[in-house]
Structure formats: C-alpha cells, structure tokens
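A.B. asks: Sequence first, predicted coordinates after that:
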Amino acid sequence: MSSASGLRVETDKETGVAVVTLDRPAKYNAIDLDTAAELTATWRQFRFDDSVRAIVVTGAGDKAFCTGIDRSVDVPQPSGPYSIDDPLIAIGPKANDLWKPVIAAVNGMACGGAFYLLGEAEFIVAAEHAEFFDPHTTYGMVSAYEAIYMAQRMPFGEVARMSLMGTAERISARRAYETGLVSELADSGQELEAALACARTIAGYPAEAVQGTVRALWATKEAARAQALAHAPHLITLGNLPPEQQAGLFGGRGGGYRVR
C-alpha cells in the first residue's frame, strides 16, 4: 500500500510486519495536513488488519526521521483562548487506539512534532548519526505535547534541558541511548533493519499476548499522561507568541547548534 501524500506503507504478509515511512525527504519528512490525515487513517486501518502484528515507523532518506509540522501549512485556529486545533494530535498509534507494537527507526534529525510519533512508539532504534532536539522555545512557542510525551520516556532533568534549550542544543544518539530515550544504537543505514529484526521477532509471538502486554505497559502511566495532556491546549494558547512574531523569530535565526 502506498500514497502520494507523503506516506508510504509496506506490509510483509509473511512476517506480519508493516513499515510506515514518512516519505517527504526534500522537506526533512515534515508533516503536512494530508500526511497527518493519512497517518491517522493508517493506524486505524491496522486495528482491523490481523495480518499486521508489528509495525516499524521511520523516515525516508538519511537527513531526518521527522522535523514536525511543515511550517508552510496554514492551520486556522478557533477564536478564543479555550481551544486549539493541533493537526498532529492524532498522528500517533495510541491516539488511534492501536495496541499493536510500534518500533521507531530514527535516522538523522528528530525534532518538535516528531515526538508525537516517538512518544507513542514502544521503543526507539536510532542510527549513530541521529539527533534529537525541541525548537519550540527558541521560536516563541510552548513545548507542551512534546515535553509531556518525552517526560514519559526520559529523566525529568533531561527532558527539561532539551525542551528549554531549544535550538541551542541537540542531543546525540549516544546521549539519547544513555538517558533511556533510545533502546538500541545501530550503524548509520542499519537502523531500519535493526528495528525490523525486533519487529519480526515480536510478530512471531501470539498476537493476543503481545497486544495485552502493550496495553498493560501503557496502563502504568496512562492516568498521569492523560492529566498532563489535558493541560496542554491551555498552556499553548496562553504561552505562544502571535504567529507574526513567531515568523519573525524563524526568519532571523541561523545555525550554530551545539551537540553534547
């Protein structure tokens, strides 16, 4: 199964493993509205496809796994301070009630809205050249959903540092592995095969037992996560700079990132 919208889906019926690829390498796999909608539809379709027992999500090319929402996308917002429309809120498997195991294979940059996907994967395999950062504060935006997702996977101080330092610092794959965000490091170009090896093993086990285990794992942090996410829209509404001021910050920033 494939799509022209920026998402490629391939399923191996023999092994029971599907690969979901963000396929916009020229845009560093940034997600536009069509791709966001297709991600949602794909996860929901997998709920009803018994031939798919494990999934790997990755990005095309070697520059980026995903760099969040495509900044050229115009997302109209409702008036008033009580709600926001977040086009990425339903791009993850758990947001779509999918309890089949999902493994992320990260190559290159993973930043901003990429954490909506990484935060809902069971675990992450990363290439040695991968790097993680959260640009929100640099550009006058609240890191709410992203910080909450990462706080489920990393020590509090590491999440706080990444969220607050913005574009001034990128976390290397090695550092991400040391802090528990990444479960396996692979040679560059081998991260997908490493993730697939795990997925094939898991897909070979009885599906009911695997999916029950996934559900049990997520139940351990469900209440705290749901409570934190309920605050996110209000924090974003209150803390984000107006779009025109954000645009000024984006236009005036150059490179000069630091890796630790």
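C.D. replies: Okay, I see it.
A.B. asks: buried set for stretch 175-183?
C.D. replies: Applying a neighbour-count criterion of 16 or more other Cβ atoms under 10 Å, one finds 175-177, 179, 181-183 buried in stretch 175-183. The way it works is simple: take the backbone N, C-alpha and C, and place the C-beta from them, glycine included.
A.B. asks: Need the residues that contact it.
C.D. replies: With Cβ atoms under 8 Å, 6 or more residues apart in numbering as the test, stretch 175-183 has contacts from 106, 118, 123-126, 130, 132, 150, 153-155, 158, 171, 173, 184-185, 260.
A.B. asks: so which of the buried residues of stretch 175-183 comes closest to residue 234?
C.D. replies: Residue 234 lies nearest to residue 181 out of those, by Cβ to Cβ, at 26.9 Å.
A.B. asks: can I assume the closest one sits in a helix?
C.D. replies: No - looking at residue 181 with DSSP: H, G, I helix; E, B strand; the rest coil, it is coil, so not inside a helix.
A.B. asks: Check the gap between it and residue 125 for me.
C.D. replies: 11 Å (Cβ to Cβ, to the nearest Å).
A.B. asks: The nearest residue in space to residue 44 that is not next to it in sequence: what's it in contact with?
C.D. replies: Closest residue in space to residue 44, ignoring its immediate chain neighbours: residue 96 at 5.0 Å, by Cβ to Cβ, 6 or more residues apart in numbering. Contacts for residue 96 (Cβ under 8 Å, 6+ apart) come out as 40, 43-44, 47, 90.
A.B. asks: can you rerun that using 7 Å?
C.D. replies: 40, 43-44, 90 (Cβ atoms under 7 Å, 6 or more residues apart in numbering).
A.B. asks: May I ask which two of those residues are separated the most?
C.D. replies: 44 and 90 (9.4 Å).
A.B. asks: Would you mind measuring from the residue nearest to residue 44 to residue 89?
C.D. replies: From residue 96 to residue 89 the distance is 11 Å (Cβ to Cβ).
A.B. asks: One more: residue 160?
C.D. replies: Taking Cβ to Cβ, one finds residue 160 at 23 Å from residue 89.
A.B. asks: between these two, which one's more packed in?
C.D. replies: Shown here are residue 160 and residue 89; by other Cβ atoms under 10 Å, residue 89 has more neighbours (17 against 14).
A.B. asks: so how far is stretch 8-25 from its chain's centroid?
C.D. replies: In terms of Cα atoms, centre = their mean, to the nearest Å, the gap separating the centre of stretch 8-25 from the centre of its chain is 16 Å.
A.B. asks: ugh, wrong one, I meant stretch 61-73
C.D. replies: 11 Å.
A.B. asks: mind listing what the residue nearest in space to the middle of the chain touches?
C.D. replies: In the chain, the residue lying closest to the centroid (Cα atoms, centre = their mean) is residue 117, at 2.4 Å. For residue 117, the contacting residues are 57, 66, 91-92, 104, by Cβ under 7 Å, 6+ apart.
A.B. asks: Which two of these have the greatest separation?
C.D. replies: Comparing every pair within the contacts of residue 117 by Cβ to Cβ identifies 91 and 104 as the most remote, at 12.7 Å.
A.B. asks: Let me see the mean pLDDT of stretch 107-114.
C.D. replies: Across stretch 107-114, the average pLDDT comes to 96.
A.B. asks: how long is that stretch from one end to the other?
C.D. replies: Start-to-end span of stretch 107-114 (Cα to Cα, to the nearest Å) is 12 Å.
A.B. asks: Nearest spatial neighbour of residue 192, chain-adjacent residues omitted?
C.D. replies: Spatial nearest neighbour of residue 192, chain neighbours left out: residue 105 (4.6 Å); criterion: Cβ to Cβ, 6+ apart.
A.B. asks: Quick check: what element follows the host helix or strand of the one you found along the chain?
C.D. replies: Per DSSP states H and E: residue 105 is located in strand 102-106. Using DSSP H and E, the helix or strand that directly follows strand 102-106 along the chain is strand 109-111.
A.B. asks: in the helix or strand following that following strand, what counts as buried?
C.D. replies: Using DSSP H and E, the helix or strand that follows strand 109-111 in sequence is helix 114-118. For helix 114-118, the neighbour count (16+ other Cβ under 10 Å) marks 114-118 as buried.
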